[in-house]
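Asks: My questions are about this predicted structure, shown below with the sequence.
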4 protein chains.
Amino acid sequence: MTATEGLKIAVIGGGSSYTPELVEGFINHYDALPVRELWLVDIDAGARKLNIVGNLAKRMVERSGLPITVHLTTDRRQAISGADFVSTQIRVGQLDARARDEAIPPKYGVIGQETTGPGGMLKALRTIPVILDICRDIEELAPNAWLLNFTNPAGMVTEAVLRYSKVKTAGLCNAPIGLIKQVSGKYGVPPEQVYAEFVGLNHLHWVSRVEVGGEDKLEELLADTSGYSAANVPAREWNPVFLRSLRALPSYYLKYFYMTDAMLEEQLESLGCGENRAEVVKRVEEQLFTLYSDPELKEKPKQLEQRGGAFYSEAAVNLMVSLHNGRNDIQTLNVANRGIIDFLPDDASIEVNCVVTKTGPLPLPITTFPPMAKGLIHAVKTYERLAIDAAVTGDRDLALQALVHHPLVPSVQTAMNLLEEMLEANKALLPKFFAPGEDAPAVRN
Amino acid sequence: MTATEGLKIAVIGGGSSYTPELVEGFINHYDALPVRELWLVDIDAGARKLNIVGNLAKRMVERSGLPITVHLTTDRRQAISGADFVSTQIRVGQLDARARDEAIPPKYGVIGQETTGPGGMLKALRTIPVILDICRDIEELAPNAWLLNFTNPAGMVTEAVLRYSKVKTAGLCNAPIGLIKQVSGKYGVPPEQVYAEFVGLNHLHWVSRVEVGGEDKLEELLADTSGYSAANVPAREWNPVFLRSLRALPSYYLKYFYMTDAMLEEQLESLGCGENRAEVVKRVEEQLFTLYSDPELKEKPKQLEQRGGAFYSEAAVNLMVSLHNGRNDIQTLNVANRGIIDFLPDDASIEVNCVVTKTGPLPLPITTFPPMAKGLIHAVKTYERLAIDAAVTGDRDLALQALVHHPLVPSVQTAMNLLEEMLEANKALLPKFFAPGEDAPAVRN
Amino acid sequence: MTATEGLKIAVIGGGSSYTPELVEGFINHYDALPVRELWLVDIDAGARKLNIVGNLAKRMVERSGLPITVHLTTDRRQAISGADFVSTQIRVGQLDARARDEAIPPKYGVIGQETTGPGGMLKALRTIPVILDICRDIEELAPNAWLLNFTNPAGMVTEAVLRYSKVKTAGLCNAPIGLIKQVSGKYGVPPEQVYAEFVGLNHLHWVSRVEVGGEDKLEELLADTSGYSAANVPAREWNPVFLRSLRALPSYYLKYFYMTDAMLEEQLESLGCGENRAEVVKRVEEQLFTLYSDPELKEKPKQLEQRGGAFYSEAAVNLMVSLHNGRNDIQTLNVANRGIIDFLPDDASIEVNCVVTKTGPLPLPITTFPPMAKGLIHAVKTYERLAIDAAVTGDRDLALQALVHHPLVPSVQTAMNLLEEMLEANKALLPKFFAPGEDAPAVRN
Amino acid sequence: MTATEGLKIAVIGGGSSYTPELVEGFINHYDALPVRELWLVDIDAGARKLNIVGNLAKRMVERSGLPITVHLTTDRRQAISGADFVSTQIRVGQLDARARDEAIPPKYGVIGQETTGPGGMLKALRTIPVILDICRDIEELAPNAWLLNFTNPAGMVTEAVLRYSKVKTAGLCNAPIGLIKQVSGKYGVPPEQVYAEFVGLNHLHWVSRVEVGGEDKLEELLADTSGYSAANVPAREWNPVFLRSLRALPSYYLKYFYMTDAMLEEQLESLGCGENRAEVVKRVEEQLFTLYSDPELKEKPKQLEQRGGAFYSEAAVNLMVSLHNGRNDIQTLNVANRGIIDFLPDDASIEVNCVVTKTGPLPLPITTFPPMAKGLIHAVKTYERLAIDAAVTGDRDLALQALVHHPLVPSVQTAMNLLEEMLEANKALLPKFFAPGEDAPAVRN
């Protein structure tokens, strides 16, 4: 793009209920990020939602008075062509697929969660081939574009792009920015005065340093973990004795590993009541779309914040602003490891503080690595790499090896049973597994 | 030593029922390993067994007609002074401690095993301080001696020596030599024609290459795993589909990780019957000592082979012969990693093929690393390092972190409960934890 | 310090002609860096200069109206006690020692330069023990202080502090900021819009990326290298064919390696005329001190800029401001490698872009490493480490090995002759070599 | 091959004067290495020599009575097809090219040597494309064959094969075996009792450990270096003070780096007398071929030993025997680094002790790395990689960068002048540079 013309942005999965947040972000940061064209793309099955949310977006832009044009389309290639930024927030198989990811594993005594464990693997198997198709389009039609990936499992999806395409990419999660906001609120300081060091992978990080105004507050935070949780993870309290000797704040997703038995018990109870997280989200989504449909609504409704993805759009717009302007500020992103975690391959995705330069994010060295975290990080990364390769090739053996080596799966036999049922349940969404194409790339080790 | 004088060997834990094997080895290899003095050492509580087994040793030597003198003593320093080789085969707390290691964890739904899981950790906590005391003696009285460590958990004990002493050491296990023997038997070739590559840690290895007479036999062995088990691990069959896609033969101890549910179920059944492995071993030991006491017995009795430690003495004597003569042959040992497994610290112990030179074993590069194994190796090594540091310092926090991060422990809460009961049950054997000395060295990360 | 009280700063070598620049910097940045006490320290032999420059400093501060107190002292410990920042800009042996560093090597056909080659080594041998003495004081009297090291050879001095003290430190050079300023001037943009990636060591770096306003300008700069030189390096033009295929801008100090013959010839000519760089500097200095003595002078005189150390104080104040406020901006510093250059030890000093956080500079990964540079970087670092160890221990053998392995020294015999003469010429300044103390620390490899 | 049939061996450059040594080796080791077919291949221009040496080979075999058939051919593909071992000992451009490699650099004040410095680079540029052509044939016609490379510069040629082909290979040099023999002679023990650790690259190694019968003899050898030289390197004595503090025996090729001035002086003197090493070798060769032509000669003549390549055939036959039989003995070879020298890439060739297993040589970890050697090793490897890439692509820029960064080349200008003249002088032998093919592979970094 040239500065006089403004930027073109393509949002894949534009019919998502999160989109109004993103639109609000573009409006608020127009000076630093002059968006000229905003393309919201979705698949045919999502056309209804795309229309509702797209029309709200148009009303929001109109109200702002800014010269942004909003395009709604199901023609992905047209949207991507010449884009400066492409963001993805897709859900292959919709919330029904998520419901299965959450419901099947507990039948075998295994955590059922949409990004962690067998559920996360199936989501990766469904999603990665679609994302790589998008990458093929970007390589052809917008080779200089940055792909901002919000699609979960964000770490694995980002690594698939890093290893199997030439597209420039970074993966984003709202958890890091959420922690910063929480600490900032607790101490009554602006977020810029909070520095937190993140160590690990997406949904598997430890925070090993927290400074507020330059002062170390880690110990204080470890002593008081009330409220250190999030809407989409059922509450279980962290044991303070454990935290103190861990000397790091674990991600709330680490409860699935550190409190496996209690978390599973809760899932089984919920499922017994005929309810799971996917169902709840479905209801919330429906309510949101009803709101969005109101032609008088011309701004992001408050209720969106309960949706669980708070700060997503803030994270996205922050990243675009810094890439566009070379702000060299520090953001926590999912990027290629490149030696930062010395025991992982250079092309493994990690979640790490980065300086966002004009030519891309540079990961910062980790200054305080909790030694306890190393094994679990490596164990989950081992699973992730096998699962990514399985997604790319449709190789059942790799999928089995991935599942067997996931720390939450107790045995080969359980893995086999789970895999059988979950692949079958996702049959329509897994063309690589059920009608293997001929162009599966060779797995790179 | 000088060649004309012969070697001095000290066996700590000389009253062990395994000792006659070792003595037989010294007799059979006298030409390559001219032992002049054999010192069998034990603690006061083991004096009875030391006498029985020591007198058998004397009768065996006498019958051989070789100029070896056998000394029985409870004075460890005298035995070590000026020794060329020191071997350890001790069991702090005897079989009663082992019985507790096996019985307590299953109460919490966790594998109870003497070297793997919480049982292995308690064994390490009991044993490492004693071994390091022995090292202090060696540093002072026999600084050029090699310490051959058979004491379990052999990998952790060896690493403690590597990191917390100046003593030259290697750890040994009979599993690698056992696999070689088994393959050699299956194909009817001498063991020298079998080449197997071991990848991983003690009791946590994968065999990634097997060649017989230079021909790759791995696939064949993966297809037929009958009999690929051992006396001291209850039989569970490997799933051939899993093995084929793993492309490596897992150690039989890996059944605790790959078949956790079934292995635990079996342990619970055995304990329900009032029986565990420790009890069985106790009975076998008593029978052996009865045999040994027979003044007419002048050779190793056949029954010793059922004891579960077959080939231990062969491994030990092989290593001594090669170190003494610089044979440069290949043996599978527990030694410092030194870059061989690139994601582990240089001073971590690993189980790996080594060339045994006159100045010590040199680990060989691993040519075929099963990618699936990486995470589990790192997870267990993370636990091991924390547990070693806990053993050295008596720090309960480190012990808790070690246990929490062991892949077989399902939650922080379980770890806390287990640790509480197991430390209490071992109180008398854990002076560092219950009456902390003042000379605990700082933990090195 | 506490915010209400302001900062204490100690400048070791405060009698340097550069000091007025530093004072100007403190005055101009008072808001961000509230200096309360400025201690200028020098040795007895420098008392005259200290008085002249110190009184100028007092007049400058008085004119500014700021509540900064300036202290002049020869009591180093009093100056350091409780300091927030300590900066060093010392020259052990004064300009006479420099004259010898420059004059002796050319007699043997070797480059004579104050930071590069044998001259740099002798400077390191003289300087490192003094700096480590200062560190002992800081460890005792101001353990939280940052040591900002401007003393050349800055890379080696910084590494000595990193390896042989506990003091927090960073080394600075004006070359990186100088390049930024030059590019900023050439393109008429503010320096913040210039991004340059530095790869290598102090006085041995390559600039592998230059972006102006986010656009790659490297090729353009490689094509036009006019003026890409500096006052204290005699001009020799870079060959454009060479530069184009190097794909990086070499530091002007690299002319000593890439144009050894021409640079040496020029030195021999200058020395033939009875002149060398040290003599020139001596004259300039005398003129400056005459100016400084004028009681009417109350600001930094323009002439100081010709001295060759332009931007030193800007670099220093920038670093202090960022450390004090946690600005997280990018500065090029000499810090511990910590894995950034993967073939050098973690504790080697490198010159690299860093994000300056409140708790210290974090080195950024190098994105474009010219493969040609690797060998020379490693060769010079090998020399540096040996020379540092020689400086610390006073070991002549290490000094010989350092010199032999410097890429500019053609043979063992030349190294021996050179070392003999240079050690002798510096006898009075090398107590470790000529009267070895008993407390020489063991060399760490 | 099958054991009953015997092996097929192809010798590329079979008309070399060294061939009778090789034939003698096959005859003497027939039991361990049952050669059935020996194919001697040469180019048309070498047909005369091939006939002379080939007929001598036939007479030698006939005299031995062994069932080996000797084939003489200029059809390389026929010779390679189905071979078990292929060895290369070629000299592209014959001794005339060598004479130029030795004569041109001294005109510019640079060492002129056939494997070290600019001469070595030109030899690499001429040779590597030819060797890679041979590799294409092996990949197609004998994919399981081992390529034993004796062709100099052996390290660079081997690395080219490692990086640009799929052929299994190892590079050999007679220097390591020569050192072993020399030490074995000095101490009157069989070579098997000598253990020497080699660190570095081909023609750039340091021997950091020497044990005779398990006893450390390094210090003794460093103190007495008389005779530590070789026929094809002019004698210059090592300085004992330097050696003692180096704590390693340098390769005699390191004299070009450690005594550059003296070595160059000697070369200039020799060239002044109208003589160089290439001329001497030419004369010796002619004398040998006159001897070989004698139809009564049926064994290797004694005079061959003066030729300078002593032990080449012993090294070759040793390696073939160990690969064929899986002897697991230790040999010093040029193989892929694979982490052994931690600062070099995995695919760099290094000269290192290896255990020769049935499936190939495994490099042994280096136990004693002289820190002084690191920089020079890396500097030369940097040059080597650039030169290899230049050879593969015919890229003049890469060739210039390689030459500039060779430690023996004093400046960019000298490199440019040298390169110009040397490329021109080798024009007919450098098709990649003067008529670039279209299939130059991309350079891999």
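Replies: Structure received. Numbering: from 1, shown residues only, chains lettered A, B, ... in the order given.
Asks: and A:C354, what helix or strand is that in?
Replies: strand A:349-357 (DSSP states H and E).
Asks: Off-centre distance for whatever helix or strand comes next after that strand?
Replies: Once the chain leaves strand A:349-357, the next helix or strand it forms, by DSSP H and E, is strand A:360-363. With C-alpha atoms, centre = their mean, to the nearest Å as the basis, strand A:360-363 stands 18 Å off its chain's centre.
Asks: Can you tell me the strand partners of strand A:360-363 and which way each runs?
Replies: Sheet pairing here is set by DSSP bridges, and for strand A:360-363 it gives strand A:349-357 (antiparallel).
Asks: Go through the helix or strand bottoming out on mean pLDDT in chain A and flag the buried ones.
Replies: Counting by mean pLDDT, DSSP states H and E, chain A has its least confident helix or strand at helix A:277-292, which shows a mean of 85. Neighbour counts over helix A:277-292 (16 or more other C-beta atoms under 10 Å in any protein chain shown) mark A:R277, A:A278, A:E279, A:V281, A:K282, A:V284, A:E285, A:L288, A:F289, A:L291, A:Y292 as buried. The C-beta positions use only the backbone N, C-alpha and C, and glycine is treated the same way.
Asks: now, which of the residues you listed lie close to chain D?
Replies: Near chain D, judged by C-beta under 8 Å from any C-beta of the partner chain, there are no entries from these.
Asks: In CSV, list the residues you listed along with distance to chain B.
Replies: Shown next, in CSV, are these (distance: C-beta to the nearest C-beta, whole Å):
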residue, distance to chain B
A:R277, 21
A:A278, 25
A:E279, 27
A:V281, 27
A:K282, 30
A:V284, 30
A:E285, 33
A:L288, 36
A:F289, 39
A:L291, 40
A:Y292, 41
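Asks: Tabulate these (a markdown table), appending distance to A:S349.
Replies: Compiled in a markdown table, these are given as follows (distance: C-beta to C-beta, whole Å):
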| residue | distance to A:S349 |
| --- | --- |
| A:R277 | 24 |
| A:A278 | 25 |
| A:E279 | 30 |
| A:V281 | 25 |
| A:K282 | 29 |
| A:V284 | 29 |
| A:E285 | 28 |
| A:L288 | 30 |
| A:F289 | 32 |
| A:L291 | 35 |
| A:Y292 | 33 |
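Asks: wait, which of those is closest to B:D96?
Replies: Of all these, A:R277 has the smallest distance to B:D96: 48.7 Å, by C-beta to C-beta.
Asks: Enumerate every residue touching the closest one.
Replies: A:R277 makes contact with A:R98, A:E102, A:E114, A:N232, A:S270, according to C-beta atoms under 8 Å, 6 or more residues apart in numbering or on different chains.
Asks: In which helix or strand does A:M156 reside?
Replies: Using DSSP H and E, A:M156 maps to helix A:154-164.
Asks: just the angle between that helix and strand A:349-357, please?
Replies: 80 degrees (axes from the mean of the first three to the mean of the last three C-alpha atoms, to 10 degrees).
Asks: Could you give the separation of helix A:154-164 from the chain centroid?
Replies: 11 Å.
Asks: distance of the residue lying closest to A:A99 once chain neighbours are set aside from A:T382?
Replies: The shortest distance from A:A99 to any residue other than its chain neighbours is 3.8 Å, reached at A:A278 (C-beta to C-beta, 6 or more residues apart in numbering or on different chains). A:A278 sits 28 Å away from A:T382, going by C-beta to C-beta, to the nearest Å.
Asks: ok, so what distance separates A:V404 from A:P118?
Replies: 11 Å.
Asks: just the helices in the stretch 101-250 of chain A please.
Replies: Counting by DSSP state H, counting those that start in this stretch, the stretch 101-250 of chain A has helices at residues A:118-141, A:154-164, A:174-187, A:218-223, A:240-246.
Asks: what residues does the fourth one touch?
Replies: It refers to helix A:218-223. Applying C-beta under 8 Å, 6+ apart, the external contacts of helix A:218-223 come out as A:183, A:207-210, A:228, A:240, A:243-244, A:246-249.
Asks: Just name the most buried of the helices of the stretch 101-250 of chain A.
Replies: Of all the helices of the stretch 101-250 of chain A, helix A:154-164 carries the top mean neighbour count, a mean of 26, counting by mean count of other C-beta atoms under 10 Å in any protein chain shown.
Asks: Any idea how many residues pack against the residue nearest to A:L264 when sequence neighbours are not counted?
Replies: Leaving aside its chain neighbours, A:L264 sits nearest to A:I111 (5.7 Å; criterion: C-beta to C-beta, 6+ apart). Counted with other C-beta atoms under 10 Å in any protein chain shown, the neighbours of A:I111 add up to 22.
Asks: Good, wrapping up.
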